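K.L.:
Sequence first, predicted model second:
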Amino acid sequence: MTNTNANTSMNANFDRETLRALADAGNETAADRLADLAEAAGDLEELSALLDEGCMRAGFLLTRRAAAAGDLRELQRISDAGYDEAGSELDRLLKAPADGHRAPRT
């Protein structure tokens with residue numbers, strides 16, 4: 001009887017290694033899949049590395065996390081790394097009134 005957990009783990013490692021090789025060769029779909037795997041594992045370091053390599057899926061996932069946490073500095077970093085939507089989200093958060101009401105114009 002084979003150990004299916006060991007086979008699954010081995011296949012997952014193989015898949016990640018294969019995806020990494022394909023992403024390194026410029027395959028955007030493989031990079032997107034790596035970003036999804038990193039997101040599922042909560043691996044923010046890998047997501048950041050993928051963003052630095054130009055993976056826009058990683059930028060999307062990091063932006064979603066940073067916006068939910070209200071992390072303005074992280075949104076700025078993501079925007080600086082080339083994911084424009086992070087800049088838009090940063091602007092949206094900065095323009096939102098602190099108490100839910102806009103201050104009157106003078």
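P.N.:
Perfect, thanks for sending it.

K.L.:
now the strands for this protein?
P.N.:
For the chain, no strands are identified by DSSP state E.

K.L.:
shaky segments in it?
P.N.:
1-14, 99-106 (pLDDT under 70).

K.L.:
where do the helices sit along this protein?
P.N.:
Counting by DSSP state H, one finds helices in the chain at the ranges 4-24, 28-41, 44-52, 56-69, 72-80, 84-95.

K.L.:
any idea how far the third one is from the chain center?
P.N.:
Between the mean C-alpha point of helix 44-52 and the mean C-alpha point of its chain there is a distance of 7 Å (Cα atoms, centre = their mean, to the nearest Å).

K.L.:
sorry, back to before: output the helices of the chain in TSV; the columns should cover mean neighbour count.
P.N.:
Heads up, the C-betas are built off the backbone N, CA and C, glycines and all. Formatted as TSV, these follow (neighbours: other Cβ atoms under 10 Å):
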stretch	mean neighbour count
helix 4-24	12
helix 28-41	18
helix 44-52	18
helix 56-69	20
helix 72-80	18
helix 84-95	15
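
K.L.:
how much space between residue 47 and residue 94?
P.N.:
Residue 47 is 23 Å from residue 94, where distance means Cβ to Cβ, to the nearest Å.
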